[in-house]
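*Asks:* Whatever this is, show me its structure:
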Amino acid sequence: MKLDLLYEIDVPRPWGTKGHPYDQRAAEQKSYYEAMDQISFADTLGFNTVWLVEHHFREGRSHCPSSEVVLGALSQRTEQIKMGFGVTLTPFGFTHPARVAEKVATVDVLSKGRVEWGTGRSTPMEQTAFGVDREKSREEWREAIQIICGMWRDEYFEYESEDFSFPRRMVTPKPYQDPHPPCWMAATSQSSAEVAGANGLGLLSFTIMQPIEMMGQAIALYRKAQANVNPLTDVVNNRVAAYTLVHAADSLETAQTNGLYPSLKWWYENLAQFTIDWEFPNTPQEEVDRIFPLMKPLAEGDFQVDTFNDADMIITGDADRCYEKMKHYADLGVDQLLCYMQFGFLEHDDIMKSLEIIGKEVLPEIENYVPPADSPAAQFKAEAEAAKK
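*Replies:* Numbers count the residues shown, from 1 in each chain. I've put the predicted structure just below:
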């Protein structure tokens with residue numbers, strides 16, 4: 001299993017003197033500059049990919065709306081680590097497909113072929129702000145991907161459909177990777193995981209507010225759907241990536257001293273409140289209970305860190321403890337674990353130390369770890385090899 005990083009650029013309140021706008025600016029700038037240093041350091045440690053999100057108007061938890069700018073800068077500050085768009089929002093109201101094709105290809109050129117291209121539809125909060133039709137967002141997501149791949153594939157591209165029209169133009173630049181970077185799909189449900197698998201897209205998943213075994217069920221459905229794959233793009237991607245919060249220290253006690261628990265509490269309660277405000281009104285209650293079984297206590301302000309820690313939904317502690325927890329993900333069939341390390345109130349120096357511990361002590365071991373023969377991961381591998389014969 002490879003180890004990746006995920007960055008949303010957390011900027012938790014308080015930002016300073018109430019009502020002073022520059023306190024927000026200073027906090028944002030500090031988070032950006034520290035993230036750049038952390039990722040540059042991770043590149044020297046051998047982390048596989050860094051994923052930058054595209055979120056808009058996400059106060060506190062995600063101040064990163066322009067991933068292409070950050071990735072473009074990182075392409076010149078790093079040498080090996082891949083540049084992950086996690087994700088580009090593809091429904092037409094967010095961004096014209098040509099702009100997505102241009103910015104993703106430009107980062108691919110600047111990084112000399114290190115781009116991983118994630119795609120998604122976002123949340124009602126962002127969709128309504130940009131005038132995106134939620135009911136049509138899945139169809140627009142699919143159509144946009146096909147259009148973008150066509151813009152990369154063809155010297156001149158033109159297109160006409162009921163929802164989108166584009167005159168004959170040469171879209172530049174073309175990607176460094178030929179025919180184009182591998183495509184991923186963000187999936188928050190088992191049905192979405194099946195869609196990703198059936199379309200030959202990588203699966204971007206998570207262990208947020210749900211037991212890790214539920215993610216394992218989604219991975220199984222993804223692998224099953226890939227048995228009858230009908231590729232949506234010119235590059236078939238069969239990898240599974242999942243993200244979770246990670247903080248390593250010399251001991252769990254040191255991690256607690258670093259402010260780990262208040263940071264975890266802030267992050268989860270912030271996410272819970274956002275989900276209640278923007279996802280629940282559009283989601284049947286039975287679906288909410290199934291996807292987010294731990295939502296109710298979080299919504300009531302009851303964050304039990306042991307519940308998350310004991311179930312390996314978060315990865316914290318010393319190197320040995322983190323390694324043991326990561327093996328659980330590898331056993332379930334995760335190919336790339338996205339380590340979310342810059343969260344909450346953690347200080348820059350403690351995050352750098354966490355990166356060093358994971359990079360030097362855990363990463364070499366987990367990359368060489370072989371899941372046992374009775375694990376889902378081993379079964380998926382055996383089935384894939386049998387299908388080739």
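
*Asks:* What ranges does the stretch 201-350 of the chain have for its helices?
*Replies:* Counting by DSSP state H, counting those that start in this stretch, the stretch 201-350 of the chain has helices at residues 212-226, 252-257, 260-278, 285-291, 295-299, 305-310, 319-332, 348-357.

*Asks:* Tell me which of those sits nearest to Gln127.
*Replies:* With Cβ to Cβ as the criterion, Gln127 lies closest to helix 260-278 of the helices of the stretch 201-350 of the chain, at 9.4 Å. Where you see a C-beta, it was placed from the backbone N, CA and C, and this is true even at glycine.

*Asks:* and the strand or helix carrying Glu28, what does it pack onto?
*Replies:* Using DSSP states H and E, the element containing Glu28 is helix 21-45. With contacts taken as 3 or more Cβ pairs under 8 Å, 6 or more residues apart in numbering; DSSP states H and E, helix 21-45 sits against strand 2-7, helix 67-77, helix 348-357.

*Asks:* Can you lay out those as CSV showing mean neighbour count, mean pLDDT and distance to Phe166?
*Replies:* Shown next, in CSV, are those (neighbours: other Cβ atoms under 10 Å; pLDDT from 0 to 100; distance: least, Cβ to Cβ, whole Å):
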stretch, mean neighbour count, mean pLDDT, distance to Phe166
strand 2-7, 24, 98, 32
helix 67-77, 19, 98, 20
helix 348-357, 18, 98, 43
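
*Asks:* Could you dump these into CSV and include distance to Ala377?
*Replies:* As requested, the helices and strands packed on helix 21-45 are exported to CSV (distance: least, Cβ to Cβ, whole Å):
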stretch, distance to Ala377
strand 2-7, 13
helix 67-77, 30
helix 348-357, 25
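
*Asks:* Redo the helices of the stretch 201-350 of the chain as a markdown table? Include distance to Glu54.
*Replies:* A markdown table is the format used below for the helices of the stretch 201-350 of the chain (distance: least, Cβ to Cβ, whole Å):
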| stretch | distance to Glu54 |
| --- | --- |
| helix 212-226 | 22 |
| helix 252-257 | 30 |
| helix 260-278 | 16 |
| helix 285-291 | 22 |
| helix 295-299 | 24 |
| helix 305-310 | 26 |
| helix 319-332 | 25 |
| helix 348-357 | 22 |
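
*Asks:* ok, now which ones touch the residue of the chain positioned farthest from its centre?
*Replies:* Largest separation from the mean C-alpha position in the chain: Arg168, at 33.8 Å (Cα atoms, centre = their mean). Listed by Cβ atoms under 8 Å, 6 or more residues apart in numbering, the contact set of Arg168 reads 156-158.

*Asks:* let's go with 6 Å and repeat that
*Replies:* Arg168 makes contact with 156, 158 under the criterion Cβ atoms under 6 Å, 6 or more residues apart in numbering.

*Asks:* Could you do His63 as well?
*Replies:* His63 sits next to 9, 11, 28 when contact means Cβ under 6 Å, 6+ apart.

*Asks:* Buried among those? Make that a PyMOL selection.
*Replies:* Per 16 or more other Cβ atoms under 10 Å, the buried members of those correspond to this PyMOL selection:
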select buried, resi 9+11
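
*Asks:* Identify, from the contacts of His63, the entry nearest to Leu74.
*Replies:* Out of those, the member with the shortest distance to Leu74 (by Cβ to Cβ) is Ile9, at 12.8 Å.
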